[in-house]
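Colleague: Give me a model of this one.
(2 chains)
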There are 2 protein chains.
Amino acid sequence: MPLSQDTTHVLLATLRERLGDRHVLTEPDDIAPALVESRGLYRGTALAVVRPGSTEEVAATVRACAEAGVPIVAQGGNTGLTGGGVPYGGVVLSLARLNRVRSVDPGDAAITVEAGVILADVQAAADEAGMLFPLSYASEGSARIGGSLATNAGGTAVLAYGNARDLVLGLEVVLADGRIWNGLKALRKNNAGYDLKHLFIGSEGTLGIITAAVLKLFPKPVSRSVGFVGLPSFRTAVGLFQRMSRAADRDLTAFEVLPRFGLEIVLKHVPGAVRPLAGDHAVYALVELSSTRPDADTASELEGLLGSAIEDGLIEDATIGTSEAQNTGLWSLREHLSDVQKAEGGSIKHDVSVPLSRLADFLEQATEACEREMPGLRVCAFGHAGDGNIHFNLSQPVGMDKAAYLAEWSRFNRIVHDIVSSMGGSIAAEHGVGLIKREELALYADPVGLDLMRHLKAALDPHDLMNPGKIVALGDDAPPALPV
Amino acid sequence: MPLSQDTTHVLLATLRERLGDRHVLTEPDDIAPALVESRGLYRGTALAVVRPGSTEEVAATVRACAEAGVPIVAQGGNTGLTGGGVPYGGVVLSLARLNRVRSVDPGDAAITVEAGVILADVQAAADEAGMLFPLSYASEGSARIGGSLATNAGGTAVLAYGNARDLVLGLEVVLADGRIWNGLKALRKNNAGYDLKHLFIGSEGTLGIITAAVLKLFPKPVSRSVGFVGLPSFRTAVGLFQRMSRAADRDLTAFEVLPRFGLEIVLKHVPGAVRPLAGDHAVYALVELSSTRPDADTASELEGLLGSAIEDGLIEDATIGTSEAQNTGLWSLREHLSDVQKAEGGSIKHDVSVPLSRLADFLEQATEACEREMPGLRVCAFGHAGDGNIHFNLSQPVGMDKAAYLAEWSRFNRIVHDIVSSMGGSIAAEHGVGLIKREELALYADPVGLDLMRHLKAALDPHDLMNPGKIVALGDDAPPALPV
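Modeller: Okay, the predicted model is just below:
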């Protein structure tokens, strides 16, 4: 819907008056970073980037935009991977100035933070209080917690601590009409009516804007051991996970996998990266045990588990870090994999999950189907195997034109997502839907469930002004879903 | 809204045709048990009790009722404690015949069950497969899992495993218009749009009817130790919990408290109950450590923790079960407390939670305020201290007329809930809202949040036919909230 110049003018004047001139940015250079996402796949437009400094100012901004009929896209660190934070007209509402840790309460094992606090700073505030905030993923140094919650972020600690959603005790949210819902309770049990917080967590700013949250804290592990394991196949990796999760249960705090191709490109592109095992293996698993028990000896525990797995012929080789520096080094092999794919050209990415019992089947079938579709394509399937969540990424054939390769995105979506769907999986496991999965969701979601999502969107945001066109498209003027 | 005889006649004929005559009960004797709740506080009315045998039959029933404009109350085991399952006109839809365990999948650590499976049977099916389904509470032998989920039940395993909500991977729900949403996914990560399951869990049948669920399973503990501790005060009990939860963390699987009065009435009314500690203590804690680690020695761990707490003067005395029979005996002292209160006359009950750091303050202030209000009244505050959740129950003064005492329910609600509310607590921690807390919710909920609940109810159930008058009252003809 085109806006009249008058409407725009009045809105910007209102916002300047309310937030101060310097927090209403309209110069092209100032707003440019807010128009793109981290992979550069989407490029949007916006009237302005506004930076409210408090929940009340967020509410005032939303009210002013609602009155003017102007859409709002909330942004935290703008580190999302689905185009969910890219604006197509309207106002970008930055949460960056809502960056206060309101309180740290070790006695309640809780921390109350504003939406703009950087994830690493939440972790640091918890750490200073002698506690752990476990949510952790690659962009934690710039991602802001409001975005982590709005996308229900996953990451590497989900196995033991759950997704972002599971770490939330309470929320404060500005609704589409500018009212503030205060649900900032630090309670472990609360059945006082519908659980509103879960409606907003994972809704990617399409139903309201999260402005603050009460998060769970945990005791800090006092013992941690990290192993790097060489395996003949993904199937044996799944077997190792099932075995370890039964034996170590709550001590098993990470189980990640990467393929030979993944390890090789990390070793190739990351200066100082060291090959962890002498031989060559089809698949690698990074496993971590940790415990808060004073008497815990996770090193012996891990040695025992991996030793018996070698004896039983389940795994080919393994190494265990003998210092925190070595542990960090092993982890960095896994963590760099997200970055180094760029150096290998175009990458068509799928963030999928399947029931654990189907994970090996999925990887075999999807790999075969993609390699058959385009010989030379290099499958880089890695990630959170313990959660059944794989980043099934496809690096382009060596020498192929990158743009020509990326133009095939839809075709590979269909191949991979058809297999995922046939196994009862999810086409959007931890990164969310945003733009890039919107039409895929429309294709694969249970039709009644999809209709219910549209109905909820229409009920909570009747004028379709909160991050319109993301997750579901209500109007005809929604932005295109696939990168253009 | 009174129904015409014609409407009723046509509806019952339709239901009989669809479900079979013997599954549409209208004889007063047949429907009587469905009109009351377990405490006998409420007594309702119904046109019929219908017993569909499949999800499709549930959907057909809901469609028929929707067409006729007849309200529906879903019932599982009818063990709820809030009047949430009591019908006031309309049709009671029993889930009892949807009692199939659809699959047990140890490889996915998941089980798929229909809503009418009795909670204890879910536990048994998991156990047979060598796994644990941890949800556990007093009525588990007759409660049905659909009701557990519709009320987001809590119980004794929340500390380690979470509330019912946290144990759900996927749901199948019949919506208010009779459509079936199939969200039966066995996934640990799924961000494919809004998380619809959390909307229905805890909504007490007011937004839709849960017909099946995929639930999480866990490894079975191989080592378990139970201790019974005597303490000078609730404050020291909270201190003991914080200390133990830091040291034992994920091994601490229960931390329950009961007052001297609670233990004494258990010993008085339960044949064969044995006093666990020689002396007399103001407060008792039941603590449990369990572990799945093959090398775990929870007995030594518990001995170490309680031993040092005695040395430090935090606790007065403690005993540790030396056999599973002893462990079960210690647990039964806590479990019988729910029942034996009846033998002491009228009980005004509050199911509340506060942040853990305020728990001792709450107990002190609320006890003093209630005892001041009615000398002779006997406070029986017990429950899930580790979750900040206390059943703050008030047994009548000895010799007082029971009805006269129960007539004071509202007055004590105000005293207790005012204190809870001032501490950021919840007036409905684990039992839900139903009827008995509806007006309390209206009084204490954040007004914007309450309005959002009403808005959701109106959006998902526009004709107010799904368990009307529970949680929130939309129309003027809602049943009365307090027992009459």
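
Colleague: where in the stretch 351-484 of chain A is pLDDT low?
Modeller: Across the stretch 351-484 of chain A, residues meeting the criterion (pLDDT under 70) sit at A:483-484.

Colleague: how many neighbours does A:Val274 have?
Modeller: 11 (other Cβ atoms under 10 Å in any protein chain shown). All C-beta atoms are positioned from the backbone trio N, CA, C, and that covers glycine.

Colleague: what helix or strand is it on?
Modeller: Secondary structure assignment for A:Val274, by DSSP states H and E: no helix or strand.

Colleague: what residues are up against it?
Modeller: A:Gly329 (Cβ atoms under 8 Å, 6 or more residues apart in numbering or on different chains).

Colleague: mind giving me the domain ranges of chain A?
Modeller: A:101-219, A:223-338, A:345-422 (automatic domain parsing).

Colleague: what about A:Gly141, how many neighbours?
Modeller: 11.

Colleague: Quick check, it in contact with A:Ile118.
Modeller: Yes - taking Cβ atoms under 8 Å as the definition, A:Gly141 is a contact partner of A:Ile118 at 6.9 Å.

Colleague: What would stretch A:75-90 look like as CSV? C-alpha coordinates only.
Modeller: Taking C-alpha atoms only, stretch A:75-90 is exported to CSV below (Å, rounded to 0.1, in the frame of the first residue of the first chain):
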residue,chain,number,x,y,z
GLN,A,75,15.3,-5.5,14.6
GLY,A,76,17.7,-6.7,17.2
GLY,A,77,21.2,-7.5,16.0
ASN,A,78,19.9,-8.2,12.5
THR,A,79,21.7,-11.5,12.4
GLY,A,80,18.7,-13.6,11.3
LEU,A,81,19.2,-16.1,8.4
THR,A,82,15.7,-16.1,6.8
GLY,A,83,15.1,-12.5,5.7
GLY,A,84,12.8,-12.1,8.6
GLY,A,85,14.2,-8.8,9.7
VAL,A,86,14.3,-7.2,6.2
PRO,A,87,11.8,-4.3,5.8
TYR,A,88,9.8,-3.7,2.7
GLY,A,89,8.6,-0.2,3.3
GLY,A,90,7.6,1.3,6.6
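
Colleague: does chain B sit close to it?
Modeller: No - counting by Cβ under 8 Å from any Cβ of the partner chain, chain B has no neighbours in stretch A:75-90; the shortest distance is 9.2 Å.

Colleague: In that stretch, which residues have enough neighbours to count as buried?
Modeller: A:75-90 (16 or more other Cβ atoms under 10 Å in any protein chain shown).

Colleague: All the helices of the stretch 351-484 of chain A, in order from the start?
Modeller: A:359-373, A:402-406, A:409-422, A:438-444, A:447-460 (DSSP state H, counting those that start in this stretch).

Colleague: With mean neighbour count added, can I get those in a markdown table?
Modeller: A markdown table is the format used below for the helices of the stretch 351-484 of chain A (neighbours: other Cβ atoms under 10 Å in any protein chain shown):
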| stretch | mean neighbour count |
| --- | --- |
| helix A:359-373 | 18 |
| helix A:402-406 | 13 |
| helix A:409-422 | 19 |
| helix A:438-444 | 20 |
| helix A:447-460 | 19 |
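
Colleague: Of those helices, which is nearest B:Ala458?
Modeller: helix A:447-460 (8.2 Å; Cβ to Cβ).

Colleague: Which strands or helices does that closest one pack on?
Modeller: Counting contacts by 3 or more Cβ pairs under 8 Å, 6 or more residues apart in numbering or on different chains; DSSP states H and E, helix A:447-460 is packed against strand B:180-183, helix B:196-200, helix B:447-460.

Colleague: could these go into TSV alongside distance to A:Ser353?
Modeller: Formatted as TSV, the helices and strands packed on helix A:447-460 follow (distance: least, Cβ to Cβ, whole Å):
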stretch	distance to A:Ser353
strand B:180-183	14
helix B:196-200	15
helix B:447-460	27
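
Colleague: Can you check which of these gets nearest to B:Leu435?
Modeller: helix B:447-460 (15.0 Å).

Colleague: could the helices of the stretch 351-484 of chain A go into a markdown table alongside distance to B:Ile210?
Modeller: A markdown table is the format used below for these (distance: least, Cβ to Cβ, whole Å):
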| stretch | distance to B:Ile210 |
| --- | --- |
| helix A:359-373 | 28 |
| helix A:402-406 | 43 |
| helix A:409-422 | 24 |
| helix A:438-444 | 23 |
| helix A:447-460 | 14 |
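
Colleague: ok, back up a step: can you tell me which of the buried residues of stretch A:75-90 end up in helices?
Modeller: Taking DSSP state H, every one of those sits outside helices.

Colleague: tell me which of the residues you listed is nearest to chain B?
Modeller: Set against chain B, the nearest of those by Cβ to the nearest Cβ is A:Thr82 (9.2 Å).

Colleague: quick one: the closest one and A:Glu440 touch, right?
Modeller: No - here A:Thr82 does not reach A:Glu440: they are 10.5 Å apart, not a contact under Cβ under 8 Å.

Colleague: Nearest residue to A:Ala296 in space, please, no chain neighbours.
Modeller: A:Ser223 (4.4 Å; Cβ to Cβ, 6 or more residues apart in numbering or on different chains).

Colleague: What of A:Val214?
Modeller: Per Cβ to Cβ, 6+ apart, closest to A:Val214 is A:Gly170, 3.8 Å.

Colleague: if you look at stretch A:102-121, does any of it touch chain B?
Modeller: Yes - against chain B, stretch A:102-121 shows contacts by Cβ under 8 Å from any Cβ at A:105, A:107-110.

Colleague: Whichever of the residues you listed end up buried, select them in PyMOL.
Modeller: Here is the PyMOL command that selects the buried residues among these (16+ other Cβ under 10 Å):
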select buried, chain A and resi 105+108+109+110
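
Colleague: and the residues of stretch A:102-121 next to chain B, which two are the farthest apart?
Modeller: Most distant of the residues of stretch A:102-121 next to chain B, by Cβ to Cβ, are A:Gly107 and A:Ala110, 8.6 Å apart.
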